[in-house]
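S.K.: This is a predicted model, with the sequence first.
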Amino acid sequence: MFDVKRSRSGKAAEAAWRQELEDLETRWFAFLEKMEAKMEELCSAALPELRALRRDPDSEQVYLRMLAGVEGQLGHIRDKVYETRDAKVIDTWYRFREEIAFADAFYGTGNAFRDNCEDRYHAFEETYLDWHNLVRATLRENLEEEYRQILETLDANRGVFRCRQCGAPISVPADCFISVHLACPACATQNTFDPGSKARKLPFIARDLAEKRVSPLYGAYQQGGRTDALYRTYLRALYDELNRMLPALREHHETLYHKYIAAHTQGGQHHG
């Protein structure tokens, strides 16, 4: 698809250069349309299945494998576009610059070719990001329900936890989402309370859910010039939400909050 002529010796004929640039621009546009069609075909087929798997608590590993596979295929398409752009479009632009003097009136034709091809490339990038974000968003589509179910399971498990030695009921802390050793109040036997694999994911689910809940503030930060004030507003809201969801980790959250504020103040652009 991208067989590009080699440089002509001596001063390039305008007609020959014009034809080469026009042909390459046409092929470049057609190539990107083909890559966009592949992404649409891939994601249109994958998204319903990803959403269905995400809603099924017994299909988590299948879902994660499929998500990784779809993201990998999208990345492969993006890499192919980038490699083609570098090897064909940019290579041709550099050859043009070597052969056509900057002061030559025809130089503007090469600039137009470069700008058109780059604009089309950036349009492809936006399309790629739209599909990637839709695929990635399946991770968060069921977070509210997953979070609620984990809390209900924790409450249920705490209500039936008894000493393995004497059978006496043992009180489990409300914020216990990791395995913990608890002494029986009746016989002092050490018992291990295991909240289960899903409960152990609670901090990660809570983080994703908190980010989803305050995402409008992050959007305002991005669209409002990425100022310190907007970043602080977003980050404070994020960690306030996390503190409400996981009060046992408040000290940890506050440490992270101040860490990200300090890094941002020093010039970093972090999404806490």
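M.R.: It's in.
S.K.: Pull up the distance across stretch 175-193, start to finish.
M.R.: 12 Å (CA to CA, to the nearest Å).
S.K.: quick one, strands of the chain?
M.R.: Ranges of strands within the chain are 180-183, 190-193, based on DSSP state E.
S.K.: residues contacting the closest residue to Glu146 other than its chain neighbours?
M.R.: Using CB to CB, 6 or more residues apart in numbering and skipping the chain neighbours, the partner closest in space to Glu146 is Ile205 (5.8 Å). All C-beta atoms are positioned from the backbone trio N, CA, C, and that covers glycine. Counting by CB atoms under 8 Å, 6 or more residues apart in numbering, Ile205 touches 143, 146-147, 150.
S.K.: Those residues in helices, which ones?
M.R.: Using DSSP state H, the subset of the contacts of Ile205 located in helices is 143, 146-147, 150.
S.K.: and the protein, what are its domains?
M.R.: 14-141, 144-199, 201-265 (automatic domain parsing).
S.K.: I'd like these as a markdown table, with mean pLDDT appended.
M.R.: What follows is those, written out as a markdown table (pLDDT from 0 to 100):
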| stretch | mean pLDDT |
| --- | --- |
| domain 14-141 | 88 |
| domain 144-199 | 84 |
| domain 201-265 | 88 |
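S.K.: picking up where we left off before, for Ala220, find the nearest of the strands of the chain.
M.R.: strand 180-183 (39.7 Å; CB to CB).
S.K.: what about Tyr239, how many neighbours?
M.R.: 22 (other CB atoms under 10 Å).
S.K.: ok, now which ones touch it?
M.R.: Neighbouring residues of Tyr239 by CB under 8 Å, 6+ apart: 253-254, 256-257, 272.
S.K.: just to revisit the earlier point, just curious, which of the ones in helices among the contacts of Ile205 is nearest to Cys184?
M.R.: Out of these, the member with the shortest distance to Cys184 (by CB to CB) is Ile150, at 25.8 Å.
S.K.: right, and that closest one touches Ala199 too?
M.R.: Yes. Counting by CB atoms under 8 Å, Ile150 does reach Ala199; the two are 5.5 Å apart.
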